[in-house]
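1. just the structure for this:
(one chain, ligands or ions: 1)
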Amino acid sequence: MRPFGYVSAPDLPTALDVVAAGARPLGGGTNLVDLMREEVERPETLVDLTRLPLADIEELPGGGLRIGALVRNGHLAAHRLVRSRYPVLAQALLSGASGQLRSMATVGGNLLQRTRCPYFRDLSADCNKREPGTGCAALGGVHRATAVLGTSEHCIAAHASDMAVALVALDAIVVLESVRGARRVPVAQLHRLPGDTPHVETDLAPDELITAVELPATPVARTSRYRKVRDRASFAFALVSVAAALEVRDGEVTDVRLALGGVAPRPWRASEAEGLLLGAPATEESFRRAAAAELAPAVGRPQNEFKIELTQRAVVAVLRQLATERSSAERAEGTGGAA
Ligand code: SF4
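-> Model prediction:
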């Protein structure tokens with residue numbers, strides 16, 4: 001590892017000043033420190049944020065939640081209100097990494113984690129994301145885990161976060177602060193598609209810090225699920241994942257949220273599918289049609305083409321499960337909750 005400067009920020013104004021001067025923020029360090037060891041990341045100075053008062057989860061008026069950027073992933077997954085109001089988020093968090101990593105990783109760091117494309121970490125490989133203009137070794141190499149939606153000829157890497165997929169489905173807002181002030185951006189707009197600048201991954205300005213994530217009150221999220229398809233049962237990134245919430249009344253979809261992971265360079269809001277589902281009968285046929293429409297623009301390559309069919313199957317399976325749960329709940333409501 002190369003030598004670097006280290007500042008432990010005692011308060012937010014100091015942290016913002018140091019970041020504005022070029023320092024890289026350090027939260028749990030579970031991704032950044034790994035990449036520094038491999039010399040993929042070479043920051044001159046790190047500013048440690050862990051003394052800042054950004055580790056609380058607060059209820060917002062109206063039923064939403066404000067989650068500090070330094071809340072640890074494990075703590076967020078276990079929070080009573082997250083589990084009851086946003087089960088999709090708790091499930092997404094618990095499906096990621098390992099218990100040890102979830103105890104260290106922060107919400108802000110999770111959103112800004114770098115791709116797990118193996119060529120990105122291999123300094124001997126061509127990688128436009130690591131070194132713009134060098135090429136993309138994944139295109140002619142191992143690309144089973146790469147994206148099928150939203151890619152470009154310059155980069156086909158998939159976004160690695162599970163948590164971010166759930167946040168996008170929940171219409172979460174990220175709060176960004178800098179010495180110039182604060183702004184709020186939908187998580188769905190935080191990450192960029194690669195285009196011809198795959199090294200620019202987010203809309204975060206160099207002097208901005210993520211200080212919080214806000215979840216709006218979302219009644220439909222009480223019936224929500226995260227399903228992750230991966231090569232082994234734990235400590236593996238998603239081949240495909242689905243975050244979904246569904247409300248059904250009298251057999252018709254009255255509200256739906258759907259986002260996909262493992263298939264695009266950013267958490268992918270399935271807006272096309274949502275549009276087709278809203279007002280449609282809550283049937284297998286509707287679910288299949290919506291999933292097929294969302295995946296229609298997908299571009300598969302020899303090793304990752306399987307993701308297109310797999311994603312559609314995963315979407316249908318999750319929606320079917322949620323629709324069954326809603327039907328049971330409706331029946332229970334109709335009988336006054338009697339079993
Ligand atoms: Fe680099 Fe992206 Fe190509 Fe992977 S897919 S080698 S991250 S440019």
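
2. can we go C-alpha only for contacts and neighbour counts from here?
-> Will do.

3. which strand or helix spans the residue nearest to residue 63 when sequence neighbours are not counted?
-> Distance criterion C-alpha to C-alpha, 6 or more residues apart in numbering; nearest residue to residue 63, sequence neighbours excluded, is residue 217 at 4.9 Å. If you go by DSSP states H and E, residue 217 is not part of any helix or strand.

4. check residue 217 and give its pLDDT.
-> The predicted structure scores residue 217 at 97 on the pLDDT scale.

5. could you verify my assumption that it touches residue 64?
-> Yes. With contact defined as C-alpha atoms under 8 Å, residue 217 reaches residue 64; the gap is 4.2 Å.

6. confirm that residue 18 sits in a strand.
-> No. Using DSSP: H, G, I helix; E, B strand; the rest coil, the assignment for residue 18 is helix, not a strand.

7. now do the contacts for residue 102.
-> Residues near residue 102 by C-alpha atoms under 8 Å, 6 or more residues apart in numbering: 72-74, 93, 96.

8. neighbours of the residue nearest to residue 63, how many?
-> Residues contacting residue 217 under the criterion other C-alpha atoms under 10 Å number 19.

9. could you find the closest non-adjacent residue to residue 82?
-> Per C-alpha to C-alpha, 6+ apart, closest to residue 82 is residue 90, 6.3 Å.

10. oh, I was asking about residue 84
-> Nearest non-adjacent residue to residue 84, counting by C-alpha to C-alpha, 6+ apart: residue 222, 6.6 Å away.

11. give me the domain ranges for the chain.
-> Using automatic domain parsing, the domains assigned to the chain come out as 1-53, 221-333.

12. show me where the protein has strands.
-> For the chain, applying DSSP state E gives strands covering 5-8, 24-26, 45-48, 57-59, 65-68, 173-178, 181-186, 209-215, 224-229, 240-249, 252-261, 268-269.

13. need those in a markdown table (columns: mean neighbour count and distance to the ligand).
-> Output for the strands of the chain, formatted as a markdown table (neighbours: other C-alpha atoms under 10 Å; distance: least, C-alpha to the nearest ligand atom, whole Å):
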| stretch | mean neighbour count | distance to the ligand |
| --- | --- | --- |
| strand 5-8 | 14 | 27 |
| strand 24-26 | 24 | 21 |
| strand 45-48 | 20 | 24 |
| strand 57-59 | 16 | 33 |
| strand 65-68 | 22 | 29 |
| strand 173-178 | 22 | 24 |
| strand 181-186 | 13 | 24 |
| strand 209-215 | 23 | 23 |
| strand 224-229 | 24 | 21 |
| strand 240-249 | 26 | 17 |
| strand 252-261 | 23 | 16 |
| strand 268-269 | 24 | 17 |
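
14. and of those, who's closest to residue 133?
-> Residue 133 sits nearest to strand 24-26 of all those, at 23.8 Å, using C-alpha to C-alpha.

15. tell me which other helices or strands the closest one touches.
-> Under the contact criterion of 3 or more C-alpha pairs under 8 Å, 6 or more residues apart in numbering; DSSP states H and E, strand 24-26 touches strand 45-48.

16. so what strands line up beside the strand it packs on?
-> Partners of strand 45-48 in the sheet, by DSSP bridges, are strand 5-8 (parallel), strand 24-26 (parallel).

17. starting at the chain centroid, how far to the shortest one?
-> Per C-alpha atoms, centre = their mean, to the nearest Å, the displacement of strand 24-26 from the mean C-alpha position of its chain is 20 Å.

18. neighbouring contacts of that strand?
-> Residues outside strand 24-26 that contact it (C-alpha under 8 Å, 6+ apart): 19, 32, 43, 45-50, 209.

19. can you check the longest one too?
-> Taking C-alpha under 8 Å, 6+ apart as the criterion, the residues outside strand 5-8 that touch it are 44-51.

20. and residue 338, what pLDDT?
-> pLDDT at residue 338 comes out at 43.

21. what residues does the chain put near the ligand?
-> 117, 119-120, 127-129, 136-138, 154-157 (C-alpha under 6 Å from any ligand atom).

22. rerun that using 5 Å as the cut-off
-> 117, 119-120, 127-129, 136-138, 155-157 (C-alpha under 5 Å from any ligand atom).

23. ranges for the helices of the protein?
-> Listed in chain order, the helices of the chain (DSSP state H) span 12-20, 32-37, 73-78, 80-85, 87-94, 99-104, 107-111, 118-121, 137-140, 163-169, 271-277, 284-295, 306-334.

24. could you dump these to CSV with mean pLDDT?
-> Output for those, formatted as CSV (pLDDT from 0 to 100):
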stretch, mean pLDDT
helix 12-20, 98
helix 32-37, 96
helix 73-78, 98
helix 80-85, 98
helix 87-94, 98
helix 99-104, 95
helix 107-111, 98
helix 118-121, 97
helix 137-140, 97
helix 163-169, 98
helix 271-277, 98
helix 284-295, 98
helix 306-334, 91
